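**Q** Take a look and give me a structure for this.
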Amino acid sequence: MTLLATLQKSSPSEIRLETCALWGSEALSLRVWFKNTDGKYVPGEWCVAFTPELLGDVLRMFSKVARRSEERGDTQ
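**A** Now for the predicted structure:
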């Protein structure tokens, strides 16, 4: 796996975008990592994995949700 990006979610957790293998092919994985009692990050149990070809669709999906949130006046 190769770490591509990290987003701090909260003090003890972060969201990581990584490359991974999915059914023998390269994929992208979004997973929440948590700090354990030793202060080291460990992966959460679940992730969302998809092929790189779907990245544009995934970004459009997040963009659409962000626009709706802004229209409603939701804060970050």
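
**Q** Does A27 touch V48 like I think?
**A** No - using C-beta atoms under 8 Å, A27 is not in contact with V48, being 10.1 Å away. To be clear about C-beta, it is placed using only N, CA and C from the backbone, and glycine gets the same treatment.

**Q** out of the two, which sits in the busier spot?
**A** A direct count of neighbours by other C-beta atoms under 10 Å for A27 and V48 places A27 higher, at 18 against 10.

**Q** got a list of contacts for stretch 4-11?
**A** With C-beta atoms under 8 Å, 6 or more residues apart in numbering as the test, stretch 4-11 has contacts from 14-19, 28, 32.

**Q** Next: stretch 16-35.
**A** Outside stretch 16-35, the residues that touch it by C-beta under 8 Å, 6+ apart are 1-7, 9, 12-15, 41-44, 46-52, 55.
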